[in-house]
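**Student:** Have a look; sequence and predicted model below, questions after that.
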Amino acid sequence: MTDKQSQLDKFKEAARELETDDDPERFKERVGKLVKKRATPGSTHEARVEERTRLRKAAQKSEDDAIDKRVRDNLKDHGA
């Protein structure tokens, strides 16, 4: 491949090399093995993402609660 080839030309060349340029089913079969599958509902990856999101929300709430307490204490200390 040359450096000046367009992305489309590179794709077509790769399809020819994989012998998938003339058969859509063969293309799906061969390229499908190379492409990572997206997370499906209930997958381990999705569960980790959900857990991280839950922990971030809990940490933010905890931080917000601590700030609220400091503000209340500060107001109480200054007679407001």
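**Tutor:** Perfect, thanks for sending it.
**Student:** Report the mean per-residue pLDDT for stretch 45-53.
**Tutor:** On average, the pLDDT along stretch 45-53 is 86.
**Student:** What residues of that stretch count as buried?
**Tutor:** By neighbour count on 16 or more other Cβ atoms under 10 Å, the buried set for stretch 45-53 is empty. All C-beta atoms are positioned from the backbone trio N, CA, C, and that covers glycine.
**Student:** Next: stretch 14-30.
**Tutor:** Buried-residue list, stretch 14-30, by 16+ other Cβ under 10 Å: Ala15, Thr20.
**Student:** What is the end-to-end distance of that stretch?
**Tutor:** 11 Å (Cα to Cα, to the nearest Å).
**Student:** centre of the chain versus that stretch, how much separation?
**Tutor:** With Cα atoms, centre = their mean, to the nearest Å as the basis, stretch 14-30 stands 28 Å off its chain's centre.
**Student:** So what touches that stretch?
**Tutor:** Lys12, Val31 (Cβ atoms under 8 Å, 6 or more residues apart in numbering).
**Student:** so which helix or strand takes in Arg16?
**Tutor:** Using DSSP states H and E, Arg16 falls within helix 7-17.
**Student:** The helix or strand following that helix to helix 7-17, inter-axis angle?
**Tutor:** Once the chain leaves helix 7-17, the next helix or strand it forms, by DSSP H and E, is helix 24-32. Counting by axes from the mean of the first three to the mean of the last three Cα atoms, to 10 degrees, helix 24-32 lies at 100 degrees to helix 7-17.
**Student:** Can we start the residue count at 21 from this point?
**Tutor:** Taking 21 as the first residue, the last one we looked at is helix 44-52.
**Student:** Pull the distance from the helix or strand hosting Asp85 to the chain's centre.
**Tutor:** Asp85 belongs to helix 64-97 when assigned by DSSP H and E. Put simply, helix 64-97 sits 23 Å off its chain's centre (Cα atoms, centre = their mean).
**Student:** what does stretch 82-100 give?
**Tutor:** Mean-position distance between stretch 82-100 and its chain equals 37 Å (Cα atoms, centre = their mean).
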